[in-house]
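[1] Build me a model from this:
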Amino acid sequence: MHLNMPSNDAACLAIIIAAACDVGVNKRKRKQRVWMKEWLKKRSLFSHANLLKELQVSSPLDYKNYLRMNSTTFGELLALVTPYIQKKDTILREAISPKQRLFATLRYLASGLTFEGLKFETAIAAQTLGHIIIETCEAIIKVLKKYLKLPQSENEWRNEAEAFARKWNFPHCLGAIDGKHVKIFKPPGTGSYYFNYKYSFSIVLMGIVNANYEFLMVDVGANGRVSDGGVFSNTAFCKKLVEKDLCIPEPENLTSTNIKLPYVFVGMMLFHLWKI
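    Sure thing, here's the model as predicted:
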């Protein structure tokens, strides 16, 4: 059907339609901006911060299960990382506080939730969570480096062995070794590279702890297809061990005996015997 309309009228109609469309687009944009602003404003109301306040007072064990640390440890960690993760408020919005950033990061590490899932607990957008968690993890690594330190002398190694003997009645033991598979989504184009014996995809966290469950060494990132023994043999620690570059004491007599034994690390059968 053809409309008989003067060209001037047609032009006016086109302008009106274009203006109406533009108004509609602007309305949608304004609505989205308002929605985002309201979402951020109500974070203190809808996030898990209120739950954690209640758990801290009424159920400390649940608090620890939620963040994998008690409130005292959380406070100490928060004080350390705050200078590295604190942001300034702007005219448009209030900055996400260091406490909220650390809450979100610890919950992510404890639960394995996706950013999309975590946004409903934190009331923080998924894209923003991606930036916050990476930045906060980097800050944690920076401030806690001194807590993950290998013994640097023979006497320091002897101290670790003495702790094992006292606590576990295991003389000349320097540490316990084990690996943990951390599930991941299969990276594109990797085939079975990360596929493990548990029929899932993973990377391996390899660690050595002392008599008090404190980490002395951590190696993360080996593909899950490799056995624990294979992962360990490719760590920087193992290479130093083979090259005798760890200041480990030579074999010595057991206390109050003439029996000379070497110092050892203990692990499962998957770790074949190494002479150190």
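
[2] What are the boundaries of the strands in the stretch 51-200 of the chain?
    173-183 (DSSP state E, counting those that start in this stretch).

[3] Might you report the residue contacts of residue 154?
    Listed by CB atoms under 8 Å, 6 or more residues apart in numbering, the contact set of residue 154 reads 247-249. From N, CA and C alone the C-beta is placed, and that goes for glycine too.

[4] Tell me how far residue 211 lies from residue 251.
    20 Å (CB to CB, to the nearest Å).

[5] Neighbour count: the two, which is higher?
    With neighbours defined as other CB atoms under 10 Å, residue 211 and residue 251 compare such that residue 211 has more, 19 against 10.

[6] who's in contact with the residue nearest to the more buried one when sequence neighbours are not counted?
    Spatial nearest neighbour of residue 211, chain neighbours left out: residue 163 (4.0 Å); criterion: CB to CB, 6 or more residues apart in numbering. Counting by CB under 8 Å, 6+ apart, residue 163 touches 210-212.

[7] mind putting these in TSV, pLDDT and secondary structure included?
    Shown next, in TSV, are these (pLDDT from 0 to 100; DSSP: H, G, I helix; E, B strand; the rest coil):
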residue	pLDDT	secondary structure
210	96	coil
211	96	coil
212	95	coil
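
[8] Out of those, flag the one nearest to residue 171.
    Proximity of the contacts of residue 163 to residue 171 (CB to CB) peaks at residue 211, which lies at 11.6 Å.

[9] Look up phi and psi at that closest one.
    When read as degrees, to the nearest 10, the backbone of residue 211 gives phi -60, psi -20.

[10] I'd assumed residue 160 was in contact with it.
    Yes - using CB atoms under 8 Å as the test, residue 211 is close enough to residue 160 to be in contact (7.0 Å).

[11] residues in contact with residue 234?
    Neighbours of residue 234 in contact, by CB under 8 Å, 6+ apart: 222, 226.

[12] Let me know the pLDDT of it.
    At residue 234, the pLDDT value in this model is 90.

[13] so how far is residue 222 from it?
    7 Å.

[14] Where does pLDDT dip in the stretch 101-250 of the chain?
    Along the stretch 101-250 of the chain, no part satisfies pLDDT under 70.

[15] all helices of it, in order?
    Ranges of helices in the stretch 101-250 of the chain, per DSSP state H, counting those that start in this stretch, are 115-122, 126-144, 154-168, 228-233, 236-242.

[16] okay, these, which one's buried deepest?
    Across the helices of the stretch 101-250 of the chain, the average number of neighbours (mean count of other CB atoms under 10 Å) peaks for helix 228-233, which reaches a mean of 19.

[17] I would like the residues contacting that one, please.
    So helix 228-233 is in contact with 177-179, 204, 206, 219, 222, 238, 267-268, 270-272, going by CB under 8 Å, 6+ apart.
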